[in-house]
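# below is the structure, and that's it, no one-letter string:
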């Protein structure tokens, strides 16, 4: 029972490169999230998925796309990475309203 | 849409008490509290679901005033292990989906 697993843990990209951050959960939760964390900014919501096949924009969606192909997996794609996307990215899940959220260990992304 | 936390940072000596506040401009149905150690994922502390409800977790407790759209986290007789950044999270309802958004965090440092 791994909980929430993010891959990779670290990544360095050159400006303009693309990549996909993967998130998988084995908790059978409906809701999944992608957040980015920058110093002094807290956790900012990028995208949210209430269930398989549905996604919704969060506070800072520009420059990102997401895919929720099944209940377990929620991926975040950067089509053309920019230095402003240097951040720590967290995936999270929770079962339903009023229940705790569980976070992955994070992906530290640097764009040079 | 992020909730607002105060103070941004606080330094305490071991054994002292602290209060961290969280307020929202939108109606609150619940408030989550999380703690994050440096380099780690946020860990769940508690959820408050009703107006005026107070919960406890060891020497950490919280209150939730639904009418004032505020919550406060109380840390009494602080221990070194309480150091970290504390986040409040508030679900934002949007067409039946609830997206969990977080404040910018309060960095708590406990010194011996």
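Sure thing, it's come through. This is a predicted model, so every value here is computed, not measured.

# please, which helix or strand holds residue A:65?
Secondary structure assigned from DSSP states H and E places residue A:65 in strand A:64-67.

# please identify the buried residues of that strand?
Within strand A:64-67, the residues that qualify as buried are A:64, A:66, counting by 16 or more other CB atoms under 10 Å in any protein chain shown. C-beta here means a position set from N, CA and C on the backbone, and glycine is covered the same way.

# mind giving me the packing neighbours of that strand?
Helices and strands in packing contact with strand A:64-67 are listed as strand A:42-49, strand A:75-78; criterion 3 or more CB pairs under 8 Å, 6 or more residues apart in numbering or on different chains; DSSP states H and E.

# what number of residues lie near residue A:6?
Around residue A:6 there are 22 other residues, counting by other CB atoms under 10 Å in any protein chain shown.

# any idea how far residue B:37 is from it?
17 Å (CB to CB, to the nearest Å).

# and for residue A:48?
For residue A:48 relative to residue B:37 (CB to CB), the value is 25 Å.

# for chain A, which segments count as strands?
For chain A, applying DSSP state E gives strands covering A:4-7, A:10-13, A:19-25, A:31-38, A:42-49, A:56-57, A:64-67, A:75-78, A:87-94, A:102-103, A:107-111.

# for the second one, what is the average pLDDT?
Predicted confidence along strand A:10-13 averages 97 (mean pLDDT).

# quick one: buried residues of that strand?
A:11, A:13.

# so what strands line up beside it?
strand A:107-111 (parallel) (DSSP bridges).

# which bits of chain B sit near chain A?
Contact residues, chain B versus chain A (CB under 8 Å from any CB of the partner chain): B:1-2, B:5, B:29-30, B:32, B:34, B:40-44, B:47, B:49, B:87, B:89, B:91, B:94, B:97-105.

# those, buried ones only, as a PyMOL selection?
Command for PyMOL that selects the buried part of the residues of chain B next to chain A, burial taken from 16+ other CB under 10 Å:
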select buried, chain B and resi 2+5+29+30+32+34+41+42+44+47+87+89+91+97+98+99+100+101+102+103+104+105
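
# show me the residues of chain B next to chain A that map onto helices.
Within these, no residue falls in helices by DSSP state H.

# ok, for residue A:9, nearest residue in space, not its chain neighbours?
In this structure, residue A:9 finds its nearest non-sequential neighbour in residue A:107, 6.2 Å apart by CB to CB, 6 or more residues apart in numbering or on different chains.

# contacting residues for the one you found?
A:6, A:7, A:8, A:9, A:10, A:11, A:21, A:88, A:89, A:90 (CB atoms under 8 Å, 6 or more residues apart in numbering or on different chains).

# give me that answer again for 7 Å
Going by CB atoms under 7 Å, 6 or more residues apart in numbering or on different chains, residue A:107 touches A:6, A:8, A:9, A:11, A:21, A:89.

# that one and residue A:78: what is the separation?
Distance, residue A:107 to residue A:78, by CB to CB: 11 Å.
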